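Engineer: quick check, what structure comes out for this input:
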Amino acid sequence: MGEEVFRNARIVLADEVIEGSVAVDDGVISAIDGGATQTGEDFEGDYLIAGLVELHTDQLESYYRPRPGVFWDPLASLHAHDVQIAGSGITTVFDAVRIGSDFDMPTMGEHVDKLVGAIHAGREGGWLRAEHFVHLRCELPSHDLVPQFETYAADPATRLASVMDHTPGQRQFCSLDDYKRFYKDKMGRTQDELDSYIAARLAEQAKYSATNRQVIVSRAAELGLPLASHDDATLAHVEEAVADGVAIAEFPTTLEAAAAAHDAGLAILMGAPNVVRGKSHSGNISATDLVRAGLLDVLSSDYVPLALLQAVFVLPERVEGYGLAQALAMVTLNPARAAGLDDRGQIAIGKRADLVRVRKSGPLPVVRAVWREGQRVG
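Structural biologist: Below is the predicted model of the structure:
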């Protein structure tokens, strides 16, 4: 057996759950055995699963900007974010960093520099629990998107980019009336102020979006950087994504768009909070309905890190014939493959020993221990 052995565990493999032990040597899984073993750390029947892989989380930005106009120390923000990520069983995380200034964030480049700089400092300092990569979220209607993209696209930490358009009346909110209803109270603006804001956003979109998209798509292809589309709502959106060489469809808002993207071979990503809540927070399609339709490949924690693990245990209870191994693949193997990380994402001999010990406490999956490349990190 290996230098470290985890025994008496319910081991979730790629296609089944077995009871037995896993051995680790030099940060890699070296053996998997069914049945009883007398030596090693006793899991007392807890689950042993592969470390979760998160492709799109806004948590770092939430710690950095906890209130409008308040910006926290970026290193302290990263530390708090990393602790929560690892504590939720996530061992590989793509930190979503929005690029492109707008009316609400007119100096976005300054903040991006601080956040990416903090990620580099954490990686080089060796104190991060999870492995952190950068996911550049490209807001297409922004006047300074392209220079910001050029600054970070070839950065070694950048491993994913997505193209977004949050212009009122587009994609997430196809209807301007829906947008106004959702944001009027949230933004604290009068009707006249909101109308003026929407008019300005529409003008920016008309001026910059199409040109910016062409540049981002071209540069991503040159760099070999995987690209995701965001909030596809129509067949035209999906056709554009396919033509642009997009690999991942993030948060499609309709069944029509999800089905077309799936048929075209794109990996479909939806939010785990959508699964846990049973519905979208903005009234779009249910992620659970996409699972029932066989259209969902990847789950993202989005804004609640533990939602990934919660969704894994919720789905087999809600979707007939859906197993725990299938659900786990949506937060481990499938996102790893979508991002081109072939060394992780499942418990298999030769894969990285990114492992998580989980015990169910009633409906709640409780993370009891986390290892990254065989080293205990949580």
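
Engineer: contacting residues for residue 64?
Structural biologist: When contacts are counted by CB atoms under 8 Å, 6 or more residues apart in numbering, residue 64 touches 71, 72, 74, 77, 111, 114, 115. Where you see a C-beta, it was placed from the backbone N, CA and C, and this is true even at glycine.

Engineer: and residue 125, how close does it get to residue 118?
Structural biologist: 10 Å (CB to CB, to the nearest Å).

Engineer: who has more neighbours out of the two?
Structural biologist: residue 118 (22 against 9; other CB atoms under 10 Å).

Engineer: hang on, the earlier thing: narrow the contacts of residue 64 to those in strands?
Structural biologist: Among these, none falls in strands (DSSP state E).

Engineer: all strands for the stretch 251-378 of the chain, in order.
Structural biologist: 267-271, 298-300, 355-361, 364-372, 375-376 (DSSP state E, counting those that start in this stretch).

Engineer: TSV for the ones you listed, including mean pLDDT?
Structural biologist: Listed next are those as TSV, based on pLDDT from 0 to 100:
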stretch	mean pLDDT
strand 267-271	96
strand 298-300	97
strand 355-361	97
strand 364-372	98
strand 375-376	96
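
Engineer: the longest helix along the chain: which residues count as buried?
Structural biologist: Ranked by number of residues, the top helix in the chain under DSSP state H is helix 191-223. Neighbour-count burial for helix 191-223 flags 194, 197-198, 201-202, 204-205, 208-209, 212-213, 216-217, 219-220 (criterion: 16 or more other CB atoms under 10 Å).

Engineer: name the nearest of those residues relative to residue 316.
Structural biologist: residue 220 (36.1 Å; CB to CB).

Engineer: nearest residue to the closest one in space, please, no chain neighbours.
Structural biologist: residue 227 (4.7 Å; CB to CB, 6 or more residues apart in numbering).

Engineer: what about residue 134, helix or strand, and which?
Structural biologist: Under DSSP states H and E, the secondary-structure element containing residue 134 is strand 131-139.

Engineer: pairing partners for that strand, with directions?
Structural biologist: strand 90-99 (parallel), strand 158-164 (parallel) (DSSP bridges).

Engineer: give me the contacts around the helix or strand following that strand.
Structural biologist: Scanning forward in sequence from strand 131-139 by DSSP H and E, the next helix or strand is helix 145-152. Here helix 145-152 makes contact (CB under 8 Å, 6+ apart) with 97, 99-100, 108-109, 112-113, 116, 134, 136, 138-139, 158, 161, 208, 212, 215-216, 219.

Engineer: mean confidence for helix 145-152?
Structural biologist: Per-region confidence: helix 145-152 scores 96 on mean pLDDT.

Engineer: quick one: that helix to strand 90-99, angle?
Structural biologist: Going by axes from the mean of the first three to the mean of the last three CA atoms, to 10 degrees, helix 145-152 is angled at 140 degrees with respect to strand 90-99.

Engineer: now helix 145-152 against helix 191-223, angle please.
Structural biologist: Using the same axes, to 10 degrees: helix 145-152 against helix 191-223 is 40 degrees.

Engineer: other residues contacting stretch 68-78?
Structural biologist: Here stretch 68-78 has contacts from 60, 63-66, 111, 114-115, 117-119, 121-122, 128, 132, using CB under 8 Å, 6+ apart.

Engineer: nearest to residue 41, of these?
Structural biologist: Scanning the contacts of stretch 68-78 for proximity to residue 41, where the rule is CB to CB, the winner is residue 128, at 23.8 Å.

Engineer: with adjacent residues omitted, what lies nearest to residue 101?
Structural biologist: residue 108 (4.1 Å).

Engineer: tell me the contacts of the one you found?
Structural biologist: Going by CB under 8 Å, 6+ apart, the list of residues near residue 108 reads 98, 99, 100, 101, 102, 142, 144, 148.

Engineer: for the last one, give its distance to residue 137.
Structural biologist: When you say that, I think you mean residue 148. 11 Å.

Engineer: which residues touch residue 352?
Structural biologist: 27, 28, 29, 51, 343, 344, 372, 373.

Engineer: where does the protein dip in pLDDT?
Structural biologist: Counting by pLDDT under 70, the chain contains low-confidence ranges at 1-2, 169-188, 281-283.

Engineer: contact partners for residue 318?
Structural biologist: So residue 318 contacts residue 288 (CB under 8 Å, 6+ apart).

Engineer: and it, how close does it get to residue 327?
Structural biologist: 10 Å.

Engineer: likewise residue 115?
Structural biologist: 31 Å.

Engineer: residue 64 too?
Structural biologist: In terms of CB to CB, residue 64 sits 31 Å off from residue 327.

Engineer: separation between residue 222 and residue 216?
Structural biologist: With CB to CB as the criterion, residue 222 and residue 216 are 11 Å apart.

Engineer: residue 350 too?
Structural biologist: 36 Å.

Engineer: now swap in residue 196 and tell me
Structural biologist: 29 Å.

Engineer: contacts for whichever helix or strand residue 11 is part of, please.
Structural biologist: Using DSSP H and E, residue 11 sits within strand 4-12. By CB under 8 Å, 6+ apart, the list of residues contacting strand 4-12 from outside reads 17-25, 32, 36-50, 324-325, 328, 347, 355, 357, 374.

Engineer: quick one: strands adjacent to it?
Structural biologist: strand 17-25 (antiparallel), strand 41-42 (parallel), strand 47-50 (parallel).

Engineer: out of the ones you listed, nearest to residue 244?
Structural biologist: strand 47-50 (31.1 Å).

Engineer: who touches whatever helix or strand comes next after the closest one?
Structural biologist: Using DSSP H and E, the helix or strand that follows strand 47-50 in sequence is strand 52-57. Strand 52-57 has contacts (CB under 8 Å, 6+ apart) with 85, 88-96, 135, 160, 162, 228, 248, 250, 269, 298, 300-303, 305, 308-309, 331-332, 335-336, 338-339, 341, 344-345, 356.
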